[in-house]
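Undergrad: Pasted the sequence and its predicted model underneath.
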Amino acid sequence: MKKGGLFDFSNKIRVVRVILAHLTMLFAVLVLVLFVIDRVNSAMEFMTSPLSRWMIAILAFLALVSSVLSIIALWDNPDKRRRKRRGFGADQ
Amino acid sequence: MKNFNAKKILIVVTADILCFAVLLLGFAWFHHAKPKKLVPSGISFLDNTPLPTLGLAPTPPASAPAESLRPSETEQVSATPAAPTAPADDPSATPGGEASAAPSDLPTDAPTATPTDAPTAQPTPVQTNGLLRGKYAEKFTSGEVIYTDTVYRSSNVCIEISEHAVKVEYVPVHYFVADIYIQDITSLRCAISQSSNNKDRVEDLCNQNGGIVATSGDYFLFHSSGLAIRNGELLRDRLHPDQDVCVLYQDGTMETYLKGQIDLQSIYAKRPYHAWSFGPRLLENGQPMTSFNTSVETWNPRCAIGYYEPGHYCLVVVDGRQEPDYSYGLKMGDLSKLMYELGCTEAYNLDGGMTAMMAFHGGIISHPCAGGRQSCDIVYVAEPLR
């Protein structure tokens, strides 16, 4: 398994981030599909049923966690830290 | 980017698509394939208090629009069971596909079947204290049962079936009308499927419950909200925020309400017998409507219930999605116009599409698209319970 490759699961945080990103994408597509078919036949309650509300809530939760992890990752970016230590523009 | 080659991307995208398919199927199963668990409220509106006295019957409006949906006499043909499910001992059974020339409203000409074993009529004299208060006495018998391919008559129930073929906007449309006269409100009942998946064919549900004529209901078991009252029993007490409501009260009156127009207490106070949540409402103050509370307004098979006066109702099924020769179905506006021209003062759309079908005389008489599908509930007419 190549270090840092697509299937490198040694970094657990990275694995969690990848899975979260994919789950967020899946739920986002699902909610979009529900939104479109609800416009076609609103009587089927695709956007207003309790199950649909749970889907939206799960999407929001996934998006929140994924965003927080992304922010943390950006915050802890080693390149950024390195640049900060050397001063802006020092490595140019 | 050197770690991402085409093979890996393909694997990830495929995995995503598969996961999405599983997610979508799971949603579909829990959302509308799995029936909602029905917890009976135990609240019944069939208390032993006296029924409210009947008001004066509203007069059906005169119909004279230019482009009429009402067929001429030449367009009207008698209903013939589509499937050969009529009782074999019925002498009036017509071979499928051949239209008889006898109009459906000539019951005396129609061959009279011997009293059959399906719905059993109680021989009683013609009632003057029923829902119809002695009106339409000629529609009822003095006790015997007349049961043909197009007519059912007893001392309590009269059903006349007619099939119509018309052109609407140059396309063919076939529809069936069951004109219903009942002396007792318990003749107009609903049945819910008791099978494991809560679905049955309309004709099966009709036969299981001793029904004479039946159509699909409002599919309420597969919706999570919407007021549901069946045969005087409260099954779900949540009004749907976006759906119109239709309520049949025990005094025989039927009223339809736009969404947000009525609250539960007002409905309960008038002692409802049935409440359907599907819609939309089709008539406003007895006049056809042009805008509807639905997103499914285009050509479709339709099912609707209409109300003339206490004791006089109609069930209408419009065949559709069978282009180009047989029937396109109706737009919601055309259905509204049809109910108006039938003389209804209130009308309400029930579950249509593939579910829209009408059962009579033991079999399906309409021609549902793709053979139809199972439904969780039906509206049917039978001999009264009391």
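TA: Yep, it's here. For clarity, every value in this text was computed on a predicted model and none was experimentally measured. Numbers count the residues shown, from 1 in each chain, chains lettered A, B, ... in the order given.
Undergrad: Enumerate the residues of chain A near chain B.
TA: A:2, A:4-7, A:22, A:25-27, A:29-30, A:33-34, A:39-46, A:48-52, A:55 (Cβ under 8 Å from any Cβ of the partner chain). For glycine as for every other residue, the C-beta is placed from the backbone atoms N, C-alpha and C.
Undergrad: hmm, try it at 7 Å
TA: Taking Cβ under 7 Å from any Cβ of the partner chain as the contact definition, chain A meets chain B at A:2, A:4-6, A:22, A:25-26, A:29-30, A:39-45, A:49-51, A:55.
Undergrad: So which of those sit within helices?
TA: A:22, A:25, A:26, A:29, A:30, A:39, A:40, A:50, A:51, A:55 (DSSP state H).
Undergrad: Filter these down to the buried ones.
TA: Taking 16 or more other Cβ atoms under 10 Å in any protein chain shown as the criterion, what is buried in those is A:22, A:25, A:26, A:29, A:30, A:51, A:55.
Undergrad: Closest to residue B:166 out of those?
TA: Set against residue B:166, the nearest of these by Cβ to Cβ is residue A:51 (41.3 Å).
Undergrad: and the end-to-end length of stretch B:130-141?
TA: 14 Å (Cα to Cα, to the nearest Å).
Undergrad: packing partners for the top helix by length along chain B?
TA: Of all the segments assigned as helix in chain B under DSSP H, the longest by residue count is helix B:6-28. Helices and strands touching helix B:6-28, as assessed by 3 or more Cβ pairs under 7 Å, 6 or more residues apart in numbering or on different chains; DSSP states H and E, comprise helix A:12-40.
Undergrad: how about 10 Å then?
TA: Applying 3 or more Cβ pairs under 10 Å, 6 or more residues apart in numbering or on different chains; DSSP states H and E, we find helix B:6-28 packed against helix A:12-40, helix A:50-75.
Undergrad: so residue B:249 sits right up against residue B:256, yeah?
TA: No - at 12.0 Å, residue B:249 does not count as touching residue B:256 under the criterion of Cβ atoms under 10 Å.
Undergrad: Of those two, which one has the most company?
TA: Using other Cβ atoms under 10 Å in any protein chain shown as the criterion, residue B:249 and residue B:256 rank with residue B:256 on top: 23 against 20.
Undergrad: So that one: helix, strand or coil?
TA: strand (DSSP: H, G, I helix; E, B strand; the rest coil).
Undergrad: For chain B, which element, helix or strand, carries the lowest mean pLDDT?
TA: Lowest on mean pLDDT, DSSP states H and E among the helices and strands of chain B sits strand B:76-77, with a mean of 46.
Undergrad: Sketch out the low-pLDDT regions of the chain for me.
TA: Picking chain A for this. A:1-10, A:77-78, A:80-81, A:83-85, A:87-92 (pLDDT under 70).
Undergrad: try again with chain B
TA: Residues of chain B that meet the cut-off, pLDDT under 70, sit at B:1-4, B:47-129.
Undergrad: How many residues are close by the closest residue to residue B:141 other than its chain neighbours?
TA: Excluding the flanking residues, the one nearest residue B:141 by Cβ to Cβ, 6 or more residues apart in numbering or on different chains is residue B:153, at 5.1 Å. For residue B:153, the neighbour count with other Cβ under 10 Å is 23.
Undergrad: rewinding a little: of the ones in helices among the residues of chain A next to chain B, which pair is most distant in space?
TA: Pairwise across those, and taking Cβ to Cβ, the largest span is found between A:22 and A:40, at 27.6 Å.
Undergrad: Now residue B:307: which helix or strand?
TA: Element membership for residue B:307, per DSSP states H and E: strand B:302-309.
Undergrad: Just the C-alphas of that strand, formatted as CSV.
TA: Presented in CSV, the C-alpha positions along strand B:302-309 are these (Å, rounded to 0.1, in the frame of the first residue of the first chain):
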residue,chain,number,x,y,z
ARG,B,302,-58.2,9.6,-12.3
CYS,B,303,-60.4,8.5,-9.5
ALA,B,304,-62.9,10.8,-7.8
ILE,B,305,-65.9,10.9,-5.5
GLY,B,306,-68.7,13.2,-6.1
TYR,B,307,-71.6,14.4,-4.0
TYR,B,308,-75.0,15.6,-5.1
GLU,B,309,-77.1,15.5,-1.9
